[in-house]
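Novice: Sequence first, predicted coordinates after that:
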Amino acid sequence: MIKVAVDAMGGDNAPVEMVAGAVEAVKIKPEIHVLLVGQEKVIEAELSKYTFDKERIHVVNASEIIATEEPPVNAIRKKKDSSIVVGMNLVKSGEADAFVSAGSSGAVLVGGQVIVGRIKGVERPPLASLIPTENGVSLLIDCGANVDARSSHLVQFARMGSIYMEHVVGVKQPRVAIVNIGAEEEKGNALVKETFPLLKECSDLHFTGSIEAREIPHGGADVIVCEAFTGNVILKLYEGVGATLIHMVKKGMMSTLRSKIGALLVKPALKTTLKAFDASQYGGAPLLGLKGLVVKTHGSSTRTEVRNSIIQCVTFKEQQINEKIRQALNTEQPTSPIS
């Protein structure tokens with residue numbers, strides 16, 4: 001049984017979508033046990049709307065909520081009974097195998113490092129998000145955790161991302177590329193120019209060089225490495241263009257009687273194609289390099305993304321990703337608590 005703690009109070013659609021996603025997850029995966037963390041009475045009122053195995057979903061009371069606009073460090077330090085802090089402490093103590101939250105990104109990032117703790121040797125834990133491509137999926141790393149990264153951080157991101165793609169997604173010898181404004185090695189900003197030769201020297205990576213943003217949707221690499229500022233811009237643009245394109249296709253097909261008839265003919269194929277570019281089916285973004293699994297989902301997550309974020313924790317745990325990262329780095333570095 002894999003226990004997943006879910007922040008029932010985090011996100012724009014909490015607790016409705018968090019609870020619904022948890023119920024769907026336990027119905028699909030018999031090995032999952034969900035701990036819904038948050039205000040007990042509110043969660044139980046929402047749970048009463050569903051039929052489920054009551055032995056596999058339990059409520060863990062947490063009286064406080066960390067709002068998105070709160071300073072993350074102060075919130076983690078002062079709100080000890082918040083759903084984020086209580087949920088991460090469940091992972092730290094071993095009472096849960098993973099924690100999933102759609103709440104404050106800053107609080108999740110800070111809490112992951114200072115409560116769950118970094119694996120020894122990890123300099124900066126990155127957020128790693130699967131994004132749809134023409135050939136399947138690619139891993140964008142970092143997409144939101146470290147906006148001011150150093151070259152050594154990016155090398156670690158590449159290693160951790162490669163491990164994730166191979167053992168969770170099943171891509172053998174994943175192609176690793178660094179985001180750049182051109183394919184030539186001499187192009188790029190100072191960070192890219194400094195990181196490029198370091199990645200070339202990594203014998204444990206299948207480094208293919210630079211990748212331009214336009215090549216990402218075509219599946220030009222399996223692991224796409226960058227600092228979080230660039231990564232988050234790519235991710236948000238990707239999501240925005242995808243949603244707009246889907247909306248425009250649907251609108252166009254409903255514009256005339258002829259297009260409606262044509263839509264009926266192509267509906268099965270179109271539905272499959274559009275589903276492939278729906279990022280919610282891939283779940284949330286794990287914060288790699290921690291001693292336990294922490295998954296950050298979008299603040300606007302619906303039950304589908306919550307469900308898939310919970311389910312992806314099973315593969316992560318079964319493949320022992322943290323242990324593989326620890327072995328790959330093979331160095332030691334202590335973590336620093338908040339004072």
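Specialist: Right, received. Where do you want to start?
Novice: from here on, contacts and neighbour counts on C-alpha atoms
Specialist: Will do.
Novice: so where do the strands sit in this structure?
Specialist: 2-7, 32-38, 57-61, 98-101, 128-133, 136-141, 175-179, 206-211, 223-225, 285-286, 293-296 (DSSP state E).
Novice: Please name the strands paired to the second one in the sheet, noting orientation.
Specialist: Looking at strand 32-38 with DSSP bridges, its partner strands are strand 2-7 (parallel), strand 57-61 (parallel).
Novice: follow-up on the earlier one: so can I have TSV of the strands of the chain showing distance to residue 153?
Specialist: Putting the strands of the chain into TSV (distance: least, CA to CA, whole Å) gives the following:
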stretch	distance to residue 153
strand 2-7	28
strand 32-38	32
strand 57-61	36
strand 98-101	24
strand 128-133	14
strand 136-141	11
strand 175-179	13
strand 206-211	16
strand 223-225	10
strand 285-286	17
strand 293-296	19
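Novice: Now render the ones you listed as CSV, adding mean pLDDT and distance to residue 74.
Specialist: Formatted as CSV, the strands of the chain follow (pLDDT from 0 to 100; distance: least, CA to CA, whole Å):
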stretch, mean pLDDT, distance to residue 74
strand 2-7, 96, 19
strand 32-38, 96, 19
strand 57-61, 96, 21
strand 98-101, 96, 18
strand 128-133, 92, 25
strand 136-141, 94, 27
strand 175-179, 97, 34
strand 206-211, 96, 38
strand 223-225, 98, 30
strand 285-286, 91, 23
strand 293-296, 94, 20
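Novice: Make TSV out of those strands and add mean neighbour count and distance to residue 44.
Specialist: Putting these into TSV (neighbours: other CA atoms under 10 Å; distance: least, CA to CA, whole Å) gives the following:
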stretch	mean neighbour count	distance to residue 44
strand 2-7	28	14
strand 32-38	25	10
strand 57-61	20	8
strand 98-101	30	18
strand 128-133	25	31
strand 136-141	26	36
strand 175-179	24	45
strand 206-211	20	48
strand 223-225	30	41
strand 285-286	26	27
strand 293-296	27	23
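Novice: Let me know which of the strands paired with strand 32-38 is the nearest to residue 33.
Specialist: Closest to residue 33 of the strands paired with strand 32-38, according to CA to CA: strand 2-7, at 4.7 Å.
Novice: Setting aside sequence neighbours, what's the nearest residue to the most centrally placed residue in the chain?
Specialist: In the chain, the residue lying closest to the centroid (CA atoms, centre = their mean) is residue 285, at 0.4 Å. Nearest non-adjacent residue to residue 285, counting by CA to CA, 6 or more residues apart in numbering: residue 129, 4.5 Å away.
Novice: how far away is that neighbour from residue 315?
Specialist: 15 Å (CA to CA, to the nearest Å).
Novice: Any idea how many residues pack against residue 198?
Specialist: Residue 198 has 13 neighbouring residues, counting by other CA atoms under 10 Å.
Novice: quick one: contacts for it?
Specialist: 151, 155 (CA atoms under 8 Å, 6 or more residues apart in numbering).
Novice: cool, and residue 25?
Specialist: 32, 307, 308, 310, 311.
Novice: Show me where the stretch 51-200 of the chain has its helices.
Specialist: Along the stretch 51-200 of the chain, counting by DSSP state H, counting those that start in this stretch, helices occupy 72-78, 83-93, 105-111, 151-164, 190-200.
Novice: Take the ones you listed and lay them out in CSV including mean pLDDT and distance to residue 265.
Specialist: Below are these laid out as CSV (pLDDT from 0 to 100; distance: least, CA to CA, whole Å):
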stretch, mean pLDDT, distance to residue 265
helix 72-78, 94, 51
helix 83-93, 96, 47
helix 105-111, 93, 43
helix 151-164, 95, 39
helix 190-200, 95, 47
